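**Q** for reference, the sequence and a predicted model appear below.
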Amino acid sequence: MDLLTASHSGYPRIGGSPDEQVLRHTIAQRERGEKTDADVRAAEDHLVLLALQDQEEADLGIVTDGLIRWNDPISYLAAKLEGVRFGGLHRYFDTNFYFRRPVVYGKLVRPRPLVLDELQWAAEKSVRPVKAVLTGPCTLARLLLHEGERRNLASLIFSYAEALSAEVADLAAAGACTIQIDEPCLVKYSSDLPLACEPLALIAARKGNTEVGLATYFGDTSPLYSKLQELPFDTLVFDFTYSQNLRQVIEAEGVPRRSDSGCSTDGTRNSKIKPS
Amino acid sequence: MKSRADFARGKISAEHLKDAEKRATEFWIRRQDELGLDVLVDGEMYRSDMVAYFAEHLSGLEQGGLVRSYGNRYFHKPIIVREVKWTGPITVEWWYYAQRLTAKPVKGIVTGPYTMMDWSFNEFYPTRRDACLALAVEVRKEVEALGRAGCKIIQIDEPAVSARPEELQLAIEAMEVVTADLRAYFVTHICYGDFESIYPGILDLAVDNFDLEMSNSGLDMLRLFSKNHLTKDISYGVVDVHTHLIEDRSVVEQRLKKGLDILPVEDVWVDPDCGLKTRKIDEAEAKLERVVSAARALRGA
């Protein structure tokens, strides 16, 4: 059995050293009119390189660009879609972090790729395979607001899944080694799973030879374990720190036959470093 | 902000920083007075962040690394490493300084125990409940100190209270620890969460007034209040504090009018959605002016 190590998705956009605070300062300077968008882009590049270097030094098998360019997993991707404007602040799950909530006012359209450019840039700079990360259709649909007519969750999930399937196809064509679809809302709103199956299959169908994974977190995945196996993903990424019973469930139901399994073993809700 | 940055770089002394904070406090007390607000705040010029500030002044907490709260804003997330203890007044001197500058009442403002617990790493207490209730006992001591100093209106900020609806009873229990049998008018500020998930249960919180971000959430909460009567007074946010946009007076008045269609006027305080610390001075002044202008327009209506 191969035991791969990988970064999950996001990485801090800030650290204790001045070098690690360059993005924060550059954004603040842009707000004051002292720096440009190009300066912010350069600061993001710098932090992406630091994140890649950090992960390489930690000897991870698969890395990410740290999602350094993302303001948050919701508004960053939504801002690249047509049919969206931005509303008030909203808390991101049970964290102390807030994001500006997208409001859908028309058909969701992906006029251009969402993360393709940044993934290619990171892949060129990295000696390790770089995983692409995309927020999944259920999570985005749950955290968007629907303007005007009555909210139709199923149609919103499907609409965003169409945009994501095109993104997955572009990433696969560009040679992405692996793509991760993040769906924390599938755990929080497990009743959405029947609505999600077809849209998620639509996304997975465009992956070509690229491996596509589904990640759940911020909640206990164990009640969904067997149903998630039926989805057409190569990898399932589980958050074991939230799922106290997941190990027992896997022991009882068996490891996935078709899928690899991604296991998150280190919680991010404390500052302790576990002994190796 | 510049003085705080200069202090962090060792360019000015702690005394210079405090002088700058006092000047800024005086400026904002004068401006609130001039603009015509009825209840003032000290502006929290001496605080870097609502949780980190109290963590710095309670024993048992250490400063953690920077984590993001919103956009490009970060705070040092505290770590509870030992038993939490209040070692002496934290905000009282600042409240007293501000109150001496005006004849109008100045609100005392402290961060509530549930938010302190939720926005810190707990690496000492066995459970979140243990941490929260221990903090409640210590926060109460600060509230008592404000009361002894003469503060009659005390706001307990609890923005995290809607983060985990399943812990609402814990938040209610903790607030009871903080305010029980104390003689003050208590306000709690709740913002930017899923208020629907904790309403009407949140009405059991032992305070007199809910300070709510009505504008940011598009007045959605009015729908809840029309179904289940709000049994508290309300500090009704009529301007969005997280946008550079200065709302038209007519927009602000309209927001307030919609509220008064449902809420008894005698229960309503009019204020901004949340603190104005993220706004530039001219933006903060303009937004406060809109608050006063809307209240005056409707008083005269």
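**A** Ah, there it is.
**Q** get me the contact residues on chain B for chain A.
**A** Residues of chain B that fall close to chain A, judged by CB under 8 Å from any CB of the partner chain: B:64-72, B:74, B:77, B:79, B:118-119, B:121-123, B:160, B:162-164, B:191-194, B:213, B:215-218, B:240, B:242. For the C-beta atoms, the positions are set from N, CA and C on the backbone; glycine is no exception.
**Q** what about 7 Å?
**A** When proximity is defined by CB under 7 Å from any CB of the partner chain, chain B lies next to chain A at B:64-66, B:68-72, B:74, B:79, B:118-119, B:121, B:123, B:160, B:163-164, B:192-193, B:216-218, B:242.
**Q** could you turn the buried ones of those into a PyMOL selection?
**A** To isolate the buried ones among the residues of chain B next to chain A in PyMOL, judged by 16 or more other CB atoms under 10 Å in any protein chain shown, type:
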select buried, chain B and resi 64+66+68+69+70+71+72+74+79+118+119+121+160+163+164+192+193+216+217+242
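**Q** restricted to strands, list the residues of chain B next to chain A.
**A** When DSSP state E defines the strands, the subset of these inside them is B:64-66, B:68-70, B:74, B:79, B:121.
**Q** lowest-confidence entry in these?
**A** Lowest in pLDDT among those is B:Tyr70, which has 83.
**Q** for that residue, give me its contacts.
**A** B:Tyr70 is in contact with A:89, A:97-98, counting by CB atoms under 7 Å, 6 or more residues apart in numbering or on different chains.
**Q** mind running it again at 6 Å?
**A** Neighbouring residues of B:Tyr70 by CB atoms under 6 Å, 6 or more residues apart in numbering or on different chains: A:Tyr98.
**Q** name whatever forms a beta bridge with it.
**A** A:Tyr98, B:Arg73 (DSSP bridges).
**Q** circling back: determine which two of the ones in strands among the residues of chain B next to chain A are furthest apart.
**A** Distance extremes for those: the farthest pair is B:Tyr70 and B:Ile79 at 21.1 Å, using CB to CB.
**Q** got the phi and psi for the residue in the stretch 101-250 of chain A positioned nearest to chain B?
**A** Closest contact between the stretch 101-250 of chain A and chain B, by CB to the nearest CB, is at A:Leu145 (8.6 Å). With angles defined as degrees, to the nearest 10, A:Leu145 shows backbone torsions of phi -110, psi 140.
**Q** next: B:Ile154.
**A** Phi and psi for B:Ile154, reported as degrees, to the nearest 10, are phi -130, psi 130.
**Q** show me the contacts for it.
**A** Residues touching B:Ile154, when contacts are defined by CB under 6 Å, 6+ apart, comprise B:108, B:143, B:146, B:184, B:186.
**Q** now the two most distant members of the residues you listed.
**A** Checked with CB to CB, the contacts of B:Ile154 reach their widest spread between B:Leu146 and B:Phe186, with 11.0 Å between them.
**Q** comparing those two, which residue is more hemmed in?
**A** A side-by-side neighbour count of B:Leu146 and B:Phe186, using other CB atoms under 10 Å in any protein chain shown, places B:Leu146 first with 24 against 19.
**Q** what about the more buried one, which helix or strand?
**A** Element membership of B:Leu146 [criterion: DSSP states H and E] is helix B:128-149.
**Q** now whichever residue of the stretch 151-300 of chain B sits closest to chain A: how far from B:Pro159?
**A** Distance from chain A to each residue of the stretch 151-300 of chain B (CB to the nearest CB) is smallest for B:Asn216, at 3.7 Å. Going from B:Asn216 to B:Pro159 by CB to CB, to the nearest Å gives 12 Å.
**Q** okay, now the unreliable bits of chain A?
**A** A:1, A:148-151, A:256-276 (pLDDT under 70).
**Q** surely A:Asp2 is within a helix?
**A** No: according to DSSP: H, G, I helix; E, B strand; the rest coil, A:Asp2 belongs to no helix; its state is coil.
**Q** how many residues are close by it?
**A** Using other CB under 10 Å, A:Asp2 is surrounded by 5 other residues.
**Q** residues touching it, list them.
**A** Contacts for A:Asp2 (CB under 6 Å, 6+ apart) come out as none.
**Q** hey, where'd the helices end up in the stretch 51-200 of chain B?
**A** Along the stretch 51-200 of chain B, counting by DSSP state H, counting those that start in this stretch, helices occupy B:92-99, B:113-118, B:128-149, B:168-179.
**Q** show me what the second one is packed against.
**A** Packing contacts for helix B:113-118, counted by 3 or more CB pairs under 6 Å, 6 or more residues apart in numbering or on different chains; DSSP states H and E, involve helix B:128-149, helix B:168-179.
**Q** again with the longest one
**A** In this structure, helix B:128-149 makes packing contacts with strand B:73-86, helix B:92-99, helix B:113-118, helix B:168-179, judged by 3+ CB pairs under 6 Å, 6+ apart.
**Q** quick check: residues of chain A near chain B?
**A** A:14, A:24, A:27, A:88-89, A:91, A:94, A:96-98, A:270-271 (CB under 6 Å from any CB of the partner chain).
**Q** find the closest residue to chain B in chain A.
**A** Nearest residue of chain A to chain B, counting by CB to the nearest CB: A:Gly88, 3.7 Å away.
**Q** my guess is that residue meets B:Asn216, correct?
**A** Yes: the pair formed by A:Gly88 and B:Asn216 meets the contact definition of CB atoms under 6 Å, at 3.7 Å.
**Q** for A:Thr26, which three-state class applies?
**A** Counting by three-state DSSP, the backbone at A:Thr26 sits in helix.
**Q** could I get the buried residue list for the helix or strand where A:Ile250 lies?
**A** With elements delineated by DSSP H and E, A:Ile250 resides in helix A:246-253, which encompasses its position. Burial within helix A:246-253, assessed by neighbour count using 16+ other CB under 10 Å, is assigned to A:246, A:249-250.
**Q** what of stretch A:25-44?
**A** For stretch A:25-44, the buried set under the neighbour-count rule, 16+ other CB under 10 Å, comprises A:26-27, A:30, A:35, A:40, A:43-44.
**Q** quick one: end-to-end distance for that stretch.
**A** By CA to CA, to the nearest Å, the extent of stretch A:25-44 from end to end equals 11 Å.
**Q** equivalent analysis for stretch B:190-200, please.
**A** Start-to-end span of stretch B:190-200 (CA to CA) is 14 Å.
**Q** now swap in stretch B:246-266 and tell me
**A** End-to-end distance for stretch B:246-266, by CA to CA: 27 Å.
**Q** picking that back up, reformat the helices of the stretch 51-200 of chain B as TSV; add mean pLDDT.
**A** Output for these, formatted as TSV (pLDDT from 0 to 100):
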stretch	mean pLDDT
helix B:92-99	97
helix B:113-118	97
helix B:128-149	98
helix B:168-179	98
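**Q** let me have the ones you listed in JSON lines, adding distance to A:Ala154 as columns.
**A** Formatted as JSON lines, the helices of the stretch 51-200 of chain B follow (distance: least, CB to CB, whole Å):
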{"stretch": "helix B:92-99", "distance to A:Ala154": "53"}
{"stretch": "helix B:113-118", "distance to A:Ala154": "33"}
{"stretch": "helix B:128-149", "distance to A:Ala154": "35"}
{"stretch": "helix B:168-179", "distance to A:Ala154": "30"}
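**Q** thanks a lot, catch you later.
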